[in-house]
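# Need a 3D model of the following:
(chains A and B)
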Amino acid sequence: MPEKTYTEALNEALHQEMDRDDTVIVIGEDVAGGAGTQGDDVEAIGGIFGVCAGLGKKFGRTRVIDTPITESAIVGTAAGAAMTGLRPVAELMFVDFLGVCFDQIYNQTAKFRYMFGGKASTPLVIRTAVGAGLSAAAQHSQTMFSTFTSVPGLKVVMPSNPYDAKGLLIQAIRDDDPVIFCEHKLLYAMKGEVPDEDYTIPFAEANWLRDGEDLTIIAFSAMVPKAIEAADKLAEEGIKCTVIDPRTTSPLDEESILESAEETGRVVIVDESTPRCSIASDISSIIVDKAFKALKAPIKKVTAAHSPVPFSPALEQAFIPQTEGIIEACREVLGSN
Amino acid sequence: MKKEELLKVYKTMRTIRSFEEQCDKEFMQGNIPGFVHLYAGQEAVAVGVCSHLSDEDKIGSTHRGHGHCIAKGCDVKGMMHEIMGKADGLCKGKGGSMHIADLSKGMLGANAIVGGAPPTAVGAALTAKTLGNNTVAVAFSGDGASNQGTTFEAMNMAVVLQVPVIFVFENNGYGEHTGADYAVGSKDIAKRAEGFGLPTYKVNGTDFFDVYETAGKAIKDAREGKGPSALEADTIRFGGHFIGDPQNYRAEGELDKLRAERDCLKIFRSKVISDFDLKEEELNLIDKEVNALIEGCTKSGLAAPMPDSKELTSDVYLNY
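Okay, here's the model as predicted:
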């Protein structure tokens, strides 16, 4: 199978879906770039992380739409277009920018279907870059998973590898509900096997990455490779971990999570988000609620600190959950038997 | 305009007025839950604009949206049932007064967020342009929404993308309980819109013919690919911000004066009688028809069942 980066996998998904379906459009800041400069055939950037590379040249500016820096109008325009017959993929450059357009996401897009008695469908994908690790500081480094997950009407997706990135993005574009698609900045360069043909990965289907009976590690997005690393290191000592990547937090594959928690009785949840009201605390509460009797130890959460994301690399690395921290949490959970 | 068209216009305006008067009564009797914002007084704007639109054209509306819904062809009975929270309401009782929508009529929803709808309308216009289907979108906003950032962003986006959308600003003099003259810094919504690079128009919002003619030009231009425009209608509201608003911000005698001098229905009646040879009796006959319609809707609405609690979590997603 050919090797591709996470970025290439996403880019291929966009090319293939735009090819397959004329109603798919891409809209956002600099998705082609260069509008209003030397001419319409210039592609200045192809999306800030290059995920949209080549789309403008191939599909033209009527389907690959450079917008002003105007997040409310980007999301609102995409939502209105989605409700009336297009399948827009809107690029919200950094998830942190949701602050200036959140009304259009949670009060408008997410609620159209329900408020209108099931008559509207809004097949909109909002692609956005999440996560810390580039010293991009407090306003360009958050994850915000739980913010979106808490809103009824939104689906929330966070691929952790190139294969999932392509399959989940194609699924998101074909889905008839609004989807927040979270791409981790540190994963864009990650390489992995990605088929050339198009394929989908259903939502609410967790990926079981390691199988072990001693404990369960549940991780999301860029925390998944770290969880695997931790599990592999522990395996050298004979400790066998299950590693689960739910891949989507809304809908959530509760079944896999509970099944594994019941099997091992020990759970560590790894989430790059800040700890309060986080996905980690949400999943922890689900396990406590539904699999309490199977637990042999308290659930341990490995999250970022309750602070804004710092700038200095030294502080930022302290903010982000690290493999060593995951291993430590695993030992704690095992030792507390 | 032909006589039949004028009678149709009158009927729609009268339906809005009677619907709103009935809502007022039913609300005061406890038959309508929630918050209700009445459109009475502004009928000439919704009808003057929507008379140029087909079911394929789209509109986005406001919290004061009943008039836009009726003018766009939403089923009046379905609306009354919706406002009463009934299972067979237009939105199954899940939206209520502030979220009435009927996509089959091109009505993309009343919207309880001031400034919420203009971006959506730009999106509908983008669909029209992308599919090349010759339709247009209209974003109705009040003077209040004219101060919201989303509205500014939507106007700029519309100009940048050159999509067929018309921003209709209904300046009824009050944003909630605060004067528009105070809250609109420039005092002039049309002029401010002009700064976004839009052709703009000002009309007397209590004169159907003025609205109809000017909106007609703006909509025709949009259909012909000449891009977006904005229209400010100077209008009035007969009610408060919501039903129950004591309206102590009004000057003494203000409402009486408005009712005497700026009632768009009265103005329309006298104009069509003097200039178009319509008979008073013909108009009175329509009044009767409309009254019967509203009475019927109210009666059936009161008798209709509430939604089953099983419906609580349906329609959140298409599939989940």
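# Please make it C-alpha for all contacts and neighbour counts, starting now.
Noted.
# For the residue most central in space within chain A, what are phi and psi?
By C-alpha atoms, centre = their mean, the mean C-alpha position of chain A lies nearest to residue A:158, the distance being 1.9 Å. Torsion angles at residue A:158 (phi, psi; degrees, to the nearest 10) stand at phi -140, psi 90.
# Equivalent analysis for residue B:171, please.
The phi and psi values for residue B:171, taken as degrees, to the nearest 10, are phi -90, psi 100.
# How is residue B:168 assigned, secondary-structure-wise?
At residue B:168, secondary structure determined by DSSP: H, G, I helix; E, B strand; the rest coil is strand.
# Which residue, other than its chain neighbours, is closest to the residue nearest to the centre of chain A?
Nearest residue to residue A:158, sequence neighbours excluded (C-alpha to C-alpha, 6 or more residues apart in numbering or on different chains): residue A:182, at 4.8 Å.
# give the contact list for that neighbour.
By C-alpha atoms under 8 Å, 6 or more residues apart in numbering or on different chains, the contact set of residue A:182 is A:95, A:127-130, A:156-159.
# Quick check, the residue nearest to the centre of chain A in contact with residue A:247.
Yes - Residue A:158 lies in contact with residue A:247 (C-alpha atoms under 8 Å); the separation is 5.6 Å.
# quick check, nearest of the contacts of residue A:182 to chain B?
Checking those against chain B by C-alpha to the nearest C-alpha gives residue A:156 as the nearest, at 11.5 Å.
# downstream neighbour of the helix or strand hosting that closest one in the secondary structure list?
Counting by DSSP states H and E, the element that carries residue A:156 is strand A:155-157. Downstream of strand A:155-157, the first helix or strand assigned by DSSP H and E is helix A:162-174.
# what comes into contact with that following helix?
Contacts to helix A:162-174, defined as C-alpha under 8 Å, 6+ apart, come from residues A:4-7, A:9-10, A:12-14, A:17, A:24, A:87, A:89, A:123-125, A:157, A:159, A:179, A:181, A:190-195, A:198-203.
# Show the average pLDDT along that helix.
What helix A:162-174 shows for mean pLDDT is 98.
# Whichever of the contacts of helix A:162-174 end up buried, select them in PyMOL.
To isolate the buried ones among these in PyMOL, judged by 16 or more other C-alpha atoms under 10 Å in any protein chain shown, type:
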select buried, chain A and resi 4+5+6+7+9+10+12+13+14+17+24+87+89+123+124+125+157+159+179+181+191+192+194+199+200+201+203
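# and residue B:292, that's in a strand?
No - counting by three-state DSSP, residue B:292 falls outside a strand, being helix.
# The spatially closest residue to residue A:124 that is not a sequence neighbour: neighbour count?
Of all residues not flanking residue A:124 in the chain, residue A:178 sits nearest, at 4.6 Å (C-alpha to C-alpha, 6+ apart). Neighbour count of residue A:178, defined by other C-alpha atoms under 10 Å in any protein chain shown: 27.
# I'd assumed residue B:44 was in contact with residue B:17.
No - using C-alpha under 8 Å, residue B:17 is not in contact with residue B:44; the gap is 10.5 Å.
# Please say which of those two ends up with more neighbours.
Neighbours were counted for residue B:17 and for residue B:44 using other C-alpha under 10 Å; residue B:44 has more, 33 against 22.
# and that one, what are its phi and psi?
Backbone torsions for residue B:44, taken as degrees, to the nearest 10, come to phi -60, psi -30.
# for it, what are its contacts?
Going by C-alpha under 8 Å, 6+ apart, residue B:44 touches B:13, B:205-208, B:211, B:264-265.
# re the thing from before, who touches both of residue A:158 and residue A:247?
Common neighbours of residue A:158 and residue A:247 (C-alpha under 8 Å, 6+ apart) are A:220-221.
# Around chain B, pick out the residues from the stretch 201-337 of chain A.
Applying C-alpha under 8 Å from any C-alpha of the partner chain, we find that the stretch 201-337 of chain A lies next to chain B at residue A:251.
# pLDDT at the residue lying closest to residue B:176 once chain neighbours are set aside, what is it?
Among residues not flanking residue B:176 along the chain, residue B:241 sits closest, at 5.0 Å (C-alpha to C-alpha, 6+ apart). Looking at residue B:241, its pLDDT is 96.
# And for residue B:277?
If you check residue B:277, the pLDDT there is 89.
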